[in-house]
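Chemist: fold the stuff below for me.
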Amino acid sequence: MRRPACLLLGLVLPGLAAAEAPSPREGAHKAPRKISFEVERVASPDGREWLDMRAENEAVYPYAIEEVAGLLRDFEAGSEIFSRVGSVRTLSDDGTTAVYEQTSVVRVLGLTFVSKLTFRNETEWEGRERVVFRFRAIETDGSAYSSEGSWELAALGEAATLVRYRAETWVEPRFPGQEGIMRAFGAADFQRVMRELGRALERPPARGRAGPQSRGPARRAAASS
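Modeler: This next block holds a predicted model:
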């Protein structure tokens, strides 16, 4: 199957860099849960204004960590998983560090905005219980000043995974009222990212997802025991 940020929802979907992976003891909800969301005006060193959007969400999925990680690391799958990712093209990937181009498409008030960023993604496993994917934009088309984030996964037993998604992007103010719209609807948009990941996991395994250690959803495992 042909497959941003992940956001990659660097979404512009492309989080925040270098945080520790979430602890299973933190009591995450099974459904997507907003931890934080903020929007504020900021200025780059050249004096240009940007809208800084920061978000952190988490959810628990009834799938083994290997299966969730396999899907998130299939970068070109982003266009089939996340509604705001138009396309992803992998430029290099050595299994730990990957570089890819991501085109994001945002539609609002009858207008369509397209952005193209190049991301570097680093994969860090801690044993077989935790993995963190950190992404950062290394080239932009001017629609964003910066974009970085992380997907942090922690195994909850053999057939469930806690996923925490963090993202921060400085986006270009493109139309009147954009800041207000981002404040009003941005948090729900990030939760949609989490729901879209869940729906993708529910689909039959495809390239990059199911490996020899993948156990599938908890309900399927229970049914076969």
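Chemist: by contact count, what packs against the lengthiest strand in the chain?
Modeler: Using DSSP state E to define each element, the chain has its longest strand at strand 111-126. The helices and strands touching strand 111-126, judged by 3 or more CB pairs under 8 Å, 6 or more residues apart in numbering; DSSP states H and E, are strand 97-108, strand 130-140, strand 144-155. In this view, the C-beta of every residue, glycine as well, is placed from N, C-alpha and C.
Chemist: now do the last one against strand 130-140, angle only.
Modeler: Following axes from the mean of the first three to the mean of the last three CA atoms, to 10 degrees, one obtains 170 degrees for the angle between strand 144-155 and strand 130-140.
Chemist: just how off-centre is strand 144-155 within its chain?
Modeler: 6 Å (CA atoms, centre = their mean, to the nearest Å).
Chemist: downstream neighbour of that strand in the secondary structure list?
Modeler: Counting by DSSP states H and E, the element after strand 144-155 in chain order, helix or strand, is strand 161-171.
Chemist: mind listing the strands that next one pairs with, and their directions?
Modeler: Using DSSP bridges, strand 161-171 pairs in its sheet with strand 49-61 (antiparallel), strand 144-155 (antiparallel).
Chemist: using TSV, lay out the ones you listed together with distance to M182.
Modeler: Shown next, in TSV, are these (distance: least, CB to CB, whole Å):
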stretch	distance to M182
strand 49-61	6
strand 144-155	13
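Chemist: ranking those by burial, who's on top?
Modeler: strand 144-155 (a mean of 24; mean count of other CB atoms under 10 Å).
Chemist: which element is E40 on?
Modeler: Using DSSP H and E, E40 falls in strand 33-43.
Chemist: likewise for R174?
Modeler: Applying DSSP H and E, one finds R174 in no helix or strand.
Chemist: state the number of residues packed around it.
Modeler: For R174, the count of nearby residues is 13 (other CB atoms under 10 Å).
Chemist: averaged pLDDT, the longest strand of the chain. What do you get?
Modeler: Mean pLDDT, computed over strand 111-126, is 91.
Chemist: tell me which strands that strand pairs with, and in which orientation.
Modeler: Here, using DSSP bridges, strand 111-126 pairs with strand 97-108 (antiparallel), strand 130-140 (antiparallel).
Chemist: out of the ones you listed, deepest packed?
Modeler: When the strands paired with strand 111-126 are compared using mean count of other CB under 10 Å, strand 130-140 is most buried, at a mean of 20.
Chemist: please pull out the lowest mean pLDDT helix or strand from this structure.
Modeler: Least confident element among the helices and strands of the chain, by mean pLDDT, DSSP states H and E: helix 218-224 (a mean of 38).
Chemist: distance of the residue nearest to R174 when sequence neighbours are not counted from E172?
Modeler: Nearest residue to R174, sequence neighbours excluded (CB to CB, 6 or more residues apart in numbering): F113, at 6.0 Å. Noted for F113: a distance of 9 Å to E172, by CB to CB, to the nearest Å.
Chemist: name the single longest helix found in the chain.
Modeler: What stands out as the longest helix in the chain, according to DSSP state H, is helix 178-202.
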